[in-house]
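Chemist: dropping a prediction and its sequence here:
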Amino acid sequence: MNADNQQRPRLAAERFVEGMSDEEYARAARVHRALPALAEFAGRADQTATYPRENLAALRAEGLLGLMVPRSHGGLGGGLRDLAATTFAIGSVCPSTALAFFFHSSAVSRGLLALEAADAGLFATAEEARTVRAFGDKILRGMGSGQYMANFGSENVKTSKGAVTISTEAKRTEGGWLVSGVKSFGCNTGVADRYLVTAKLEGTRTAEGIVTFLIPSDAAGIEERHRWNAIGMRATATHGIVLKDVFVPHEDSLVIPGAFTKMMHMSRGSMVGNQLAGTAVYLGAAQGVFDFALDYLKKATFRDTGECLAMSPLHQQLIGQMAVDLETGYLWLRRQLELETCEPPRLDKREVVMQWRLCKGEVSEASHRVAQGALKACGTSNTANDRPIARALRDLAMGLVQAFPAERGRLEAAKTLVQGDEQASFTTG
């Protein structure tokens, strides 16, 4: 870091992502400017379980909807380090907005990986490569122009063969495809401009039949599912959609058999990449609740002595344990970020994915312990559901189950170490 960088103000994102380049710092500064506006609506959004559209306006005003989009497609040209820094920083003030932003940004990978797979020559014909590239370009140019996305992959259907089972089906019709199914999870339902929907081709039984569609959120045949009333992350608009013979024209479809799996091969990490930025939301929330608790304990005093609570042995023990848990999360997630961004790569993809399965669980559980410590330290006066500690405890509970719980991650890592195999990311059912 040069002398000029040492003088620049420290941003919230730099608590997690260290050694930012000048360009990364400039992008993180956009996020930093938006944080006060995002924090303003966090409490109300949690109480009403409604996505705060004011926060979407604040993100759009800073050009952040195109954070991960290449400049050639109208975006800011950021990478995984930028996304992780952003979700961490936003998570420290409004975890719901951070998680929704992560799912919006995860759609970028469907564009970037499509271009990378085409450039790598993974397709049998030039026509297939052109089709894949055109689809990737469409996603990126839309997001670069400020479109807000919802990315629907998950479904209620479960199988033992894959982490995500796709049963939503697409069948050919004149001029395009008819898509039908139920998507149980995907932030930004009813808020996004367009939905990125993963389905399977009619009659297929393997991951080679997984296909992708780009659908306007107001398309005929789309209904929202019942509203989400979860314990935490309540303002993410995560209630999902029902699709009933939704027509998608050929130009908004990527239906080349095997294209999806070829795109996944281009990712450095798990699934279609960028997953650690979702967990950075929870680490940011843990940092936020730690800061609140420490400030509270320094200001609150014992009536008989006038000494602040933070000076008592009991509270210092709790503060120390929270600091250990917080540092545990930082160490795991920084290591994972390094593995997925360093050049040249230090581990092969199989090892990176195994590390991610361990990392996700350790960070989520450590972050939740921070909120537990804050609850113990700050007492009953901070247990109201509209108070920061109660909100953080509920939001961080969601990290224990999002994508997969820590126990499943450890199991998959053990299977990789002992048997040399792992569960597939996607399958059909």
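Modeler: It's in. Fair warning: this is a prediction, and the values are worked out from it, not measured in the lab. Numbers count the residues shown, from 1 in each chain.
Chemist: neighbours of S106, how many?
Modeler: Other residues near S106 come to 24 when the count uses other Cβ atoms under 10 Å. Yep, even glycine has a C-beta here, placed from its N, CA and C like the rest.
Chemist: the one 5 residues further on too?
Modeler: The criterion is other Cβ under 10 Å. On that basis, G111 has 27 neighbouring residues.
Chemist: ok so it is a helix residue?
Modeler: Yes. Judged by DSSP: H, G, I helix; E, B strand; the rest coil, G111 forms part of a helix.
Chemist: what residues are up against it?
Modeler: If you count contacts by Cβ atoms under 8 Å, 6 or more residues apart in numbering, G111 has them with 69, 73, 135-140, 143.
Chemist: where does the stretch 1-150 of the chain dip in pLDDT?
Modeler: 1-6 (pLDDT under 70).
Chemist: all helices for it, in order.
Modeler: 3-7, 22-40, 42-48, 53-61, 80-91, 95-119, 126-144 (DSSP state H, counting those that start in this stretch).
Chemist: tell me the pLDDT of the residue of the chain positioned farthest from its centre.
Modeler: Going by Cα atoms, centre = their mean, the residue of the chain most distant from its centre is D304, 47.1 Å out. For D304, the model assigns a pLDDT of 95.
Chemist: what about it, is that helix, strand or coil?
Modeler: coil.
Chemist: measure it to L67 for me?
Modeler: In this view, D304 and L67 are 52 Å apart by Cβ to Cβ, to the nearest Å.
Chemist: what do you get for S154?
Modeler: 23 Å.
Chemist: neighbour count: these two, which is higher?
Modeler: Using other Cβ under 10 Å as the criterion, S154 and L67 rank with L67 on top: 25 against 18.
Chemist: isn't that one right up against G74?
Modeler: No. Counting by Cβ atoms under 8 Å, L67 sits too far from G74 to count as a contact (11.8 Å).
Chemist: which neighbours do these two have in common?
Modeler: Between them, L67 and G74 share no contacting residue, judged by Cβ under 8 Å, 6+ apart.
Chemist: the nearest residue to E202 once chain neighbours are set aside - how many residues pack around it?
Modeler: Leaving aside its chain neighbours, E202 sits nearest to K171 (4.1 Å; criterion: Cβ to Cβ, 6 or more residues apart in numbering). Burial of K171 is recorded as 13 neighbouring residues (other Cβ under 10 Å).
Chemist: one more: R268?
Modeler: Per other Cβ under 10 Å, the neighbour tally for R268 reads 17.
Chemist: what's the spacing between it and E128?
Modeler: Relative to E128, and taking Cβ to Cβ, R268 is found at 24 Å.
Chemist: what's the helix or strand for F213?
Modeler: Using DSSP states H and E, F213 sits within strand 210-216.
Chemist: adjacent strands (with direction) for that strand?
Modeler: Its sheet considered, strand 210-216 pairs with strand 194-201 (antiparallel), strand 253-254 (antiparallel) by DSSP bridges.
Chemist: quick check: closest non-adjacent residue to R53.
Modeler: Spatial nearest neighbour of R53, excluding adjacent residues (Cβ to Cβ, 6+ apart): V191 at 7.1 Å.
Chemist: you'd agree the one you found is up against P52?
Modeler: No. Assessed by Cβ under 8 Å, V191 is found out of contact with P52, at 9.7 Å.
Chemist: of those two, who's got more company?
Modeler: P52 (23 against 18).
Chemist: that's all I had, so thanks and see you.
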